[in-house]
Structure formats: C-alpha cells, structure tokens
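Engineer: predicted structure and sequence below. I'll ask about it afterward.
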Amino acid sequence: MTSKTDIHPAIASALAKRGYETLTPVQESVLAPELRDADLLVSAQTGSGKTVAFGISLAPTLMGEEQTLPRAEAPMALCIAPTRELALQVERELAWLYADAGVRIATCVGGMNMMTERRTLDRGAHIVVGTPGRLRDHITRGSLDLSAMRAVVLDEADEMLDLGFRDDLQFILDAAPDQRRTLMFSATVPAGIANLAKRYQYKAVRVTTASDAKQHLDIEYRALTVAPNDRENAVINVLRYYDAKNAIVFCSTRATVNHLTARFSNRGFSVVALSGELSQNERTHALQALRDGRAKVCVATDVAARGLDLPDLELVVHADLPKNKESLLHRSGRTGRAGRKGVSALIVPYNARRRTERLLGDARISAAWARPPSSEEILARDDERLMGDSFFEAEVAEDEAAMVAALLERYGAEKVAAALVRVHRAGRSAPEELIDDGPVSAPGGTYAERAPREHVPIKDAVWFSLSLGRKQTAEPRWLLPMLCRAGNITKNEIGSIRIHDVETHVEIAGAAAAKFEAAIGPTRKIEKNVVVTRLESVPEAPARSARPPRTRDDGFHTGPRGERSAGDYAPGEKPKRDYAKKRPFTGGKKRDDRPPRKDPYADRKPSARDDMPANATPGVWPYDDVAPTRGEAPRAEAAKPAKPAKSVDRADAGAERPFVKDKKPKRDKPGVKAAAKPAAKPTAKPHRKGPAKPGSEGGTGGLKRKPKA
C-alpha cells in the first residue's frame, strides 16, 4: 500500500478497516504531490476504482490538516453521476471512506421525494451526490446553496454527455464558485469531454493510467455466431453453460427487456429487470436481489446498468450488439472488476458478422469466435460441476453417519448416487436445440472459406405444398428459417425447395415429416397465413404461362423472324413510329427533327419595317404623319372613312355629353297625380374626386345630379 503519509489519516484508517492492502493504478496516480490542488481530467478503465480515487483526492481539499470535517452547513463538495443507481453507489462508497471524518452526505436523484431531499439539505451536508436534472431543480428552487463549494466531481462524464445532460452540466458548473476544483473521471475522453474540460477547468492535468494501454485484461471476450432467429435460444444456452453467480443480459430497448425477462422466468431462471420505465423503488429492490443472491440474472438496458458494481458479476451477455466501442467497453466493464475474472459474450447473427469485426477492431479487442454451447456440451458441463463439487471431499459428520448407513443399507450405493444426480438436474432448465449451420470462424477472428455444399438426396422424403409462390416474392432465404421455426426442424432435414408462380413445393425428410405436421397443428397454417398441404406423390412443375410477344427496338411487333405481324393493326392503318426510341442522346438539348429550310423567314408575319426605304437614316422614323407605336412601328395606311353618327331624336343630341344608358320612362299609375321627386342627395362617401366631367352641373365630385322639377 502507498505510504500513509501520502493519504489523509482519516482516509487511511478507513481503507485499512476495509481491507485495502494495495491501491489501483488510478488511485496511486491521484496522490502525486503536484496534483493536490489541481484540476484533473482522469481517464481509466471501468472497474479500476475511480470512486475511491476521487474520494482520496478530495480529502485534502475538504479537511486540510484537520482530522474531521467541520460542522455541516453549506455543501463543500458536489458529485454528479449520470444515473440514479450510480449516484447511490457513489454515496455508499463515500460513506465508508469518510466515516472516521464524520461526514454527512445528501443525495439528490430523480424518482425520490424532493421534499425529503430539501429537508436533508436544510439540516446541512458536507457532500451532495446527485444526478444532473435533480441537482439543477434544487439550484433553481434555491434549496441547494453552492456558495461554499470547494470541489465539483463529474463521474462518468462521457456518459452524461451521451445522455443529453450537457445543458444541465453547464448550468451547474456556471452556478458553482470560480475558485473551486473540478475533477472529471471518465472511461474515455471524446471531443465533447475535452471541450468541456477546456471551458470549466483551469490548467487541468490529464491523468491516464498505464492499464489503459490494453483494455480489460481480466475479461474473456467470446463472439458466438448464431442464426438470426436463434438469438434468444443462444442466450439461454450461454447462461446455462457458465452458470454464473450473477449475470447481466444487455438489450437495446425496454420492450426486449420485458420479453426476455418473461421468457427467462418461464424457463426457471431467477431473473430481475432493470430499465428506465421502472420506479426508483423497483430498481433498488432489483439490485438488492442481485446482491443478496435471490436473483442470478439481470436483463437491462445500457442506461439502467450504467456504472453498476456487482461484486459477484461473472458474465455479461450482449443479446443485442452494442452500437459503438464505448458502449461495448462500458457494458463489458461490469465484470472483471478489481482483479476478478469475467466473460463477455456477444451473440452475433450471421448477417452482422462484418459489423461485429469492425466493432471489435475499433475497441482493440481480440475475441474468440465460436458457436454457442450445444445441449450436449451443457449437460457435460453440469456433470463436471457435480463431480467437482467440494461436498464430496468433506468427511461424514457424526450426526450424518446413521442416515448414510441407513440409505446404503436400504437402497444401495447405485440408487443413492442416481437419486443425487436427479436432484442435481431437477432445478436446472433444459438446454435449447440450436440450428447448426452458418460460417465457422477461424482462430484469428476471420472466417474460413466454406466449401461448396453437395446436395445429398433425402431418403423417404415427404413433399409439402405451400400456398405462396413467385408472385408473393417467395425466396429460399426466408422460407427456410420460417419452416425451421414453425415446424421445429433443422435445415439438414429440408431438401429441395421448388418455387412456382402461386405455390411452393418443399421436400422434408420422412423422420421429420411427422414432427413438422405436429408442430403446425390442425389449422395447417404457419406465419403470414401460409397454408401447408401434404402431397402424396412427387409433384410435377406446372406449365409456365405464355411469354408476351417480342418487340423490336423501334416499337413494332415482330414475328418469329423479326417481321411485322399483319394482325397487329387494322387494314389501311399505319402504325405510328416511336421516335423517342430512336432519338440519340443530345446532352439535354432539344432536337428538331424537321429538315432545314432555304428561307427561314418565309412564314414570318409582315411588319411595318418591311416598307421602310432602303436609304432611311438609322434611328430616325421616316414617316411624319404617323407616330410610331410602342414595340413596333405602324404601317403607312390610307385614312379610313369616319363612321356616320347615329340618329338621336333628343333636343340636345348635338351637344357633347357623357354616355348615359337609356332607361325606359316610368308610366304614372292611373288616378294618381305625379308628385315632384326631390333631388337626389349625394352619398356620404363619394367614389371619385376631381373636376366634373363635361356636361355635368357644377363640381359634384363626379356625382350625377338630377334636374329640379
């Protein structure tokens, strides 16, 4: 262990009580004297003891030379974690590390009672641990005072940026005092973390442990190739083969988590789920069940299992492949922690093989490629565990001797041993039968070329007809998995597949035909309402429909020798030639098929400029009696005779007056004297202003005024 003079006495005492004999490389690196008051950007592999490392580094900043912390008032340190589980885990680690210093820690995480957290902050705390969103809420509401803050720690900083907490982190760091230490701990340092450190840290010191040169030395990576529809069965076989104390199965969505949890529970596994849709109380109980041994398998998403530290976690299974190398490293880092060994198994479908190779290459990880454990290998592994169990080596106790003698006398040694084997296998789930097909990996991670498979005729074959064919886009690449899945048979038990227009004929081995019919049931239907019918004899290929008549490049129908058919069009009717099929490519320009003309202006409309004299001065109009019009000069024409005026019987017919539409005179009703009508009053808002038109009386703004009676 490092010299006690390098560690604060209160922290050294807590480490000794905990049983720490040696420190990890990242814990050793933060104890350098020049890093005592500096801002740090630490990158270390998952499970290297980063929580204890920043706890050791914070002790001089919080306590100085004192043995205990002062009276708890405003918080002096703030630890930010991406998830609720990781925040509670950090709180537990700091609680025993600062137990001798009299620390008071408050947690502020989402999903918990905010009023309880506010009362805890009001009573005073030395260190506050929380998630970004809840910490921002407390700062906004005024319940979290950052005026006395001496240090801020960002644990798993890269994950917080991936989850979209950048704005919350910037808000918290801007609210903290400028005179503070900022410590960032992360497994990887992408560009986002580097930019955040450049903005909020002062002359930060980059700390990279030597163990990062080779990721996860204590983790054995295995890539297991399976058929796409066999992934769940492969996961079950992997769990059965390793039989780990604790195992985590990672999925990409919550729906997959719920589905696998239900299936594992039905198969007899003690399983718990961990996803974002669960409440904090449910997630806490699930983790506690894993730590207590009441559950052995945890099905989780990436976000829910971030930063988890389970002491007995031996196996990590990637049911859904990780999206990038950071996700792969963080998932696998749940095992192989603190010097313990672990296994990380990737379930790789055949169609995702190349993508997985690139993923492992980017992460600089060498994985052993193989197939998932078969049922025979799993049963053999169970027998090995039974034979190697330590209770066979223990001596017979005095209180057991009488019962042992009675069993041997009554049943004999052979029956007693058989009963022991049955009891050992009774509580275990039966392994799954996998489709044994697909490319086999070479030891170096590359795949050997497969030799062409020869067709072996099937004995006692039975033919079946499927109610879909070429018109329904039937293809062997998806028909074969569908038949294997629905009929509970393997690919080796299927022979020829003949696809016709509206039906498909499939050959199945005689031994598997009865199993196939029993699996599809009396409805005789499989996926997508495909009806299966058993055939009594070898089917014959149906005749194909006649092909459509061939056509030449010019669009004309042709006969057997390329001649036009007479019956293609009516007598006397000439087929129209399709010029579009014969036109060459013109580079996007329009092409005129008309022949060139001698006089291109022969059909142009006549214009006034055609009569202009040849010696006319350019720019001067030669006709003084006719003014040019806009756009085109007028032609010189003879004056047209004026039209005769229409005869008008009115007295003022010769006077100029505006046109007024003639109205029929109204006739007076008999027996009623015509009364003088008052003059029409002008409207309130005239529709026209200006001088009166000729013939109007006075300036009335364009309003017509009737004469007085």
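Structural biologist: Okay, I see it.
Engineer: please count neighbours and contacts with C-alpha atoms only from this point.
Structural biologist: Noted.
Engineer: and the strands in the stretch 301-450 of the chain, which stretches?
Structural biologist: Secondary structure of the stretch 301-450 of the chain, counting by DSSP state E, counting those that start in this stretch: strands at 313-318, 342-349, 368-370.
Engineer: for D501, which of these is the nearest?
Structural biologist: Across the strands of the stretch 301-450 of the chain, D501 has its closest neighbour in strand 342-349 (31.3 Å, C-alpha to C-alpha).
Engineer: check what pLDDT the closest residue to A53 other than its chain neighbours gets.
Structural biologist: The spatially closest residue to A53, leaving aside those adjacent along the chain, is Q27, at 4.5 Å (C-alpha to C-alpha, 6 or more residues apart in numbering). Among the per-residue scores, Q27 shows a pLDDT of 84.
Engineer: got any ranges where the protein has weak pLDDT?
Structural biologist: When residues are selected by pLDDT under 70, those of the chain lie in 1-5, 45-47, 210-217, 304-307, 338-339, 436-457, 528, 541-598, 600-709.
Engineer: domain assignment for it?
Structural biologist: The chain breaks down by automatic domain parsing into domains covering 4-213, 219-374, 462-534.
Engineer: so for D382, which of these sits nearest?
Structural biologist: Distances from D382 to each of those were compared using C-alpha to C-alpha; the shortest belongs to domain 219-374, at 7.9 Å.
Engineer: L535 reaches S465, doesn't it?
Structural biologist: Yes: in terms of C-alpha atoms under 8 Å, L535 counts as a neighbour of S465; the distance is 6.8 Å.
Engineer: ok, the two, which is more surrounded?
Structural biologist: More neighbours sit around S465 than around the other of L535 and S465, counting by other C-alpha atoms under 10 Å; the figures are 20 against 13.
Engineer: hmm, who's touching stretch 504-513?
Structural biologist: Contacts with stretch 504-513, where a contact means C-alpha atoms under 8 Å, 6 or more residues apart in numbering, come from 458-469, 489, 493-499, 539.
Engineer: as PDB, could you dump the C-alpha coordinates of stretch 245-256?
Structural biologist: Coordinates of the C-alpha atoms in stretch 245-256 are reproduced here as PDB (Å, rounded to 0.1, in the frame of the first residue of the first chain):
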ATOM      1  CA  LYS A 245     -23.400 -16.300  -9.700                       C
ATOM      2  CA  ASN A 246     -24.500 -13.100 -11.300                       C
ATOM      3  CA  ALA A 247     -25.000 -12.300 -15.000                       C
ATOM      4  CA  ILE A 248     -26.300  -9.300 -16.900                       C
ATOM      5  CA  VAL A 249     -28.000  -9.600 -20.300                       C
ATOM      6  CA  PHE A 250     -27.900  -6.300 -22.200                       C
ATOM      7  CA  CYS A 251     -30.700  -5.300 -24.600                       C
ATOM      8  CA  SER A 252     -31.200  -2.200 -26.800                       C
ATOM      9  CA  THR A 253     -34.900  -1.500 -25.900                       C
ATOM     10  CA  ARG A 254     -37.300  -1.700 -23.000                       C
ATOM     11  CA  ALA A 255     -39.600  -4.000 -25.000                       C
ATOM     12  CA  THR A 256     -36.800  -6.500 -25.400                       C
END
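Engineer: residues of that stretch that come out buried?
Structural biologist: Residues 245-252, 254, 256 are the ones in stretch 245-256 that count as buried (16 or more other C-alpha atoms under 10 Å).
Engineer: tell me which residues touch R283, please.
Structural biologist: With C-alpha under 8 Å, 6+ apart, R283 has these contacts: 274-275.
Engineer: for the strands of the stretch 301-450 of the chain, give me a markdown table that also has mean neighbour count and distance to E156.
Structural biologist: Conversion of the strands of the stretch 301-450 of the chain to a markdown table gives the following (neighbours: other C-alpha atoms under 10 Å; distance: least, C-alpha to C-alpha, whole Å):
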| stretch | mean neighbour count | distance to E156 |
| --- | --- | --- |
| strand 313-318 | 24 | 20 |
| strand 342-349 | 25 | 21 |
| strand 368-370 | 19 | 29 |
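Engineer: is it possible to export these to CSV including distance to R104?
Structural biologist: What follows is the strands of the stretch 301-450 of the chain, written out as CSV (distance: least, C-alpha to C-alpha, whole Å):
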stretch, distance to R104
strand 313-318, 30
strand 342-349, 35
strand 368-370, 48
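Engineer: what's the closest of those strands to S270?
Structural biologist: With C-alpha to C-alpha as the measure, strand 313-318 is the member of these nearest S270 (14.6 Å).
Engineer: just the CA trace of that closest one, in PDB.
Structural biologist: Taking Å, rounded to 0.1, in the frame of the first residue of the first chain, the C-alpha atoms of strand 313-318 are listed here in PDB:
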ATOM      1  CA  LEU A 313     -20.800 -10.500 -11.500                       C
ATOM      2  CA  GLU A 314     -19.100 -13.100 -13.700                       C
ATOM      3  CA  LEU A 315     -20.900 -13.000 -17.000                       C
ATOM      4  CA  VAL A 316     -22.000 -10.300 -19.400                       C
ATOM      5  CA  VAL A 317     -24.200 -11.300 -22.400                       C
ATOM      6  CA  HIS A 318     -24.800  -8.900 -25.300                       C
END
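Engineer: for it, name the packing helices and strands.
Structural biologist: For strand 313-318, the packing partners by 3 or more C-alpha pairs under 8 Å, 6 or more residues apart in numbering; DSSP states H and E come out as strand 246-251, strand 342-349.
Engineer: report the inter-axis angle for that strand versus strand 342-349.
Structural biologist: Going by axes from the mean of the first three to the mean of the last three C-alpha atoms, to 10 degrees, strand 313-318 is angled at 20 degrees with respect to strand 342-349.
Engineer: which residues sit against strand 313-318?
Structural biologist: When contacts are defined by C-alpha under 8 Å, 6+ apart, strand 313-318 is touched by residues 235, 242, 244-251, 331-332, 334-336, 341-347.
Engineer: wait, isn't I526 in contact with I520?
Structural biologist: Yes: under the criterion of C-alpha under 8 Å, I526 is in contact with I520, at a separation of 6.4 Å.
Engineer: give me the common contacts of those two.
Structural biologist: Residues touching both I526 and I520 (C-alpha under 8 Å, 6+ apart) are A486.
Engineer: what's the span of stretch 244-253 from first residue to last?
Structural biologist: Between the opening and closing residues of stretch 244-253 we find a distance of 24 Å, counting by C-alpha to C-alpha, to the nearest Å.
Engineer: which strand residues bridge T301?
Structural biologist: In this structure, T301 has the following beta-bridge partners (DSSP bridges): C251.
Engineer: how many neighbours does it have?
Structural biologist: The local packing count at T301 equals 23, with neighbours defined by other C-alpha under 10 Å.
Engineer: for it, what are its contacts?
Structural biologist: Neighbour list for T301: 250-254, 257, 274-276 [criterion: C-alpha under 8 Å, 6+ apart].
Engineer: just the closest of those residues to V153, please.
Structural biologist: Of all the contacts of T301, G276 has the smallest distance to V153: 24.3 Å, by C-alpha to C-alpha.
Engineer: need phi/psi at that closest one.
Structural biologist: phi -70, psi -20 (degrees, to the nearest 10).
Engineer: quick one: it and V303 touch, right?
Structural biologist: Yes: here G276 lies in contact with V303, judged by C-alpha under 8 Å, at a distance of 7.4 Å.
Engineer: mind listing what E475 touches?
Structural biologist: When contacts are counted by C-alpha under 8 Å, 6+ apart, E475 touches I499.
Engineer: I should have written D155 there, sorry.
Structural biologist: The contact partners of D155, by C-alpha under 8 Å, 6+ apart, come to 51, 79-82, 184-186.
Engineer: can you list phi and psi of it for me?
Structural biologist: phi -90, psi 130.
Engineer: ok, what's across the strand from it?
Structural biologist: F185.
Engineer: related to what we said a few turns ago, would you turn the buried residues of stretch 245-256 into a markdown table with distance to A406?
Structural biologist: Output for these, formatted as a markdown table (distance: C-alpha to C-alpha, whole Å):
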| residue | distance to A406 |
| --- | --- |
| K245 | 35 |
| N246 | 38 |
| A247 | 41 |
| I248 | 44 |
| V249 | 46 |
| F250 | 49 |
| C251 | 52 |
| S252 | 55 |
| R254 | 54 |
| T256 | 52 |
